[in-house]
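1. Just a sequence and a predicted model for now, questions to come.
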Amino acid sequence: MSQAEAGADPVRFRDAGETALVVEFGARVDPELNARVLALDAALEAARNADSIPGLRETVPTYRSLMIHYDPLVLDRDTLLARVTALLDRTGAAPRIGRDWTLPCCYDPALAEDIEAVADWVGRPVDEVANLHTGGTYRVYMYGFAPGFAYLGGLPEALAIPRRSHPRPPHPASAILIGGGLAAVATLPMPTGWYVLGRTPERLFSEARPRSFLVEPGDTLRFEAIDVATFAALDARAARGEIIARADG
């Protein structure tokens, strides 16, 4: 049964210049839409590895769409569209089987620079804000903005505050962020309109590893609260290249 027959959101195809095709699965942040994105991404990755679609260069998954970069001198748009349509009918919404990660996170105001501001915004004590955050199960939807910057869904509704009206000064590396009803794990220091709710000693991005990105779209994350002393000890281990996050699956 095709996606259309199954009652799924209609798929839209949009050109991004002459060398990219965007496949849109919907217009919302939703696990089922993202599963369809990742299913097509996996199918195209397999085709590229098998060299069965010459001219296919790169795919870029987002919350609800997939951008497909191609060489128009090798692969014309109509042929690509026909191949993508055939893959959509075969892949359906089969989700990628992701891994479940537990990341340590320090919510002490010494490292969680904005947690008190968040607590004031939501009208709850700082400890309760931390407990709410650790109680969530977060889906890794995509990477973007900076190397290894992981955009997450699943933020508890009680913490769904808007982003800042103006960016704050650069946050530290490995900051845990919330804003606009979403969550994120940053990698590099940079100004942000998000709120820094905590910090993890884990490195989601490291050029020293064979796989630079630790987690993948479709994985789930949970956060485990640690104190400042534990953060310092784990941070030293992570700095030596040790992976300190726990993974299941």
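-> Cool, got the structure. Numbers count the residues shown, from 1 in each chain.

2. Tell me the buried residues in stretch 223-230?
-> Within stretch 223-230, the residues that count as buried by 16 or more other C-beta atoms under 10 Å are 223, 225-226. Any C-beta I mention is one placed from the backbone N, CA and C, and that applies to glycine too.

3. Name the nearest of the residues you listed relative to residue 123.
-> Distance ranking of the buried residues of stretch 223-230 against residue 123, using C-beta to C-beta, places residue 225 first at 20.8 Å.

4. where does the closest one land in three-state SS?
-> When the structure is reduced to helix, strand and coil (DSSP: H, G, I helix; E, B strand; the rest coil), residue 225 reads as strand.

5. ok, it - contacts?
-> Shown here is residue 225, whose contacts under the criterion C-beta atoms under 8 Å, 6 or more residues apart in numbering are 104-107, 130-131, 134.

6. Now it. Nearest residue, chain neighbours left out?
-> Among residues not flanking residue 225 along the chain, residue 134 sits closest, at 5.3 Å (C-beta to C-beta, 6 or more residues apart in numbering).

7. can you count the residues close to that neighbour?
-> Using other C-beta atoms under 10 Å, residue 134 has 16 other residues around it.

8. for this structure, what spans make up the strands?
-> When secondary structure is read from DSSP state E, the chain shows strands at 12-15, 20-24, 56-61, 65-70, 100-106, 138-143, 150-153, 175-179, 182-185, 195-199, 220-226, 246-248.

9. orientation of the second one relative to strand 65-70 in degrees?
-> Read it as strand 20-24. For strand 20-24 against strand 65-70, the angle between stretch directions is 160 degrees (axes from the mean of the first three to the mean of the last three C-alpha atoms, to 10 degrees).

10. which helices and strands sit right next to strand 20-24?
-> Judged by 3 or more C-beta pairs under 8 Å, 6 or more residues apart in numbering; DSSP states H and E, strand 20-24 is in contact with strand 12-15, strand 65-70, helix 77-91.
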